[in-house]
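> Predicted model and sequence follow; I will ask about them next.
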Amino acid sequence: MVKKKIVALSTYLSELAVHGIQEKKGEDIVRLDLRNIHTSVADYFIIASANSGTQVKAIADSVEKEIYKATQVDPRHKEGFESADWIILDYFDVVVHIFKTEKRHFYGIEELWGDAESTNYQSA
């Protein structure tokens, strides 16, 4: 009998999001695991930075395409495309935050969720 590793959908979506970010050279990629935090609104936050609004949009588009290609799931909600300073893609249990670098430092999301286990990823 072969045992198969079962990965939670939220974990899989978070991995797809990270890959989509890496495809467009997103920087300072962090996955916050919020599953053990009782007040969390999601299982994971994926956070990344970009140097321009154009790159922020390109990363968001890449994440959407990567997740849709693998799962046929669209984000439940998305916002921030107008200003492209901070785009949010909400997939219920996974929320992707793509910031222009200076906005990321200003809002400090990682510090707000400092109790979460974090995993850092390299840019592609």
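Happy to help now that I have it.

> bridging residues for Glu79?
Ile88 (DSSP bridges).

> Tell me, please, the helix or strand in the chain that averages the lowest pLDDT.
When the helices and strands of the chain are scored by mean pLDDT, DSSP states H and E, helix 109-112 comes last with a mean of 92.

> buried residues in that helix?
Glu110 (16 or more other CB atoms under 10 Å). Where C-beta positions appear, they are placed from N, C-alpha and C, glycine not excepted.

> And the contacts of it?
The contact list for helix 109-112 (CB atoms under 8 Å, 6 or more residues apart in numbering) reads 30, 32, 45, 47, 97, 118.

> again with stretch 14-25
29, 31, 43-44, 46, 48, 50, 55, 58-59, 62-67, 70-71, 89, 91, 94, 96, 98, 121-124.

> what about 6 Å?
Outside stretch 14-25, the residues within contact range by CB atoms under 6 Å, 6 or more residues apart in numbering are 29, 31, 44, 46, 48, 58-59, 62-63, 66-67, 70, 94, 96, 121, 123-124.

> Look at stretch 75-82 and report the distance between its end residues.
Distance between the two ends of stretch 75-82: 17 Å, counting by CA to CA, to the nearest Å.

> Is it possible to mark the buried ones in the contacts of stretch 14-25?
29, 31, 44, 46, 48, 58-59, 62-63, 66-67, 94, 96, 121.

> same for the longest helix seen in the chain, what does it pack against?
Longest helix in the chain, counting residues (DSSP state H): helix 53-71. Packing contacts for helix 53-71, counted by 3 or more CB pairs under 6 Å, 6 or more residues apart in numbering; DSSP states H and E, involve helix 9-23, strand 86-90, strand 94-100.

> what mean pLDDT does it have?
Here helix 53-71 scores 98 as its mean pLDDT.

> how much does that helix deviate in direction from strand 86-90?
10 degrees (axes from the mean of the first three to the mean of the last three CA atoms, to 10 degrees).
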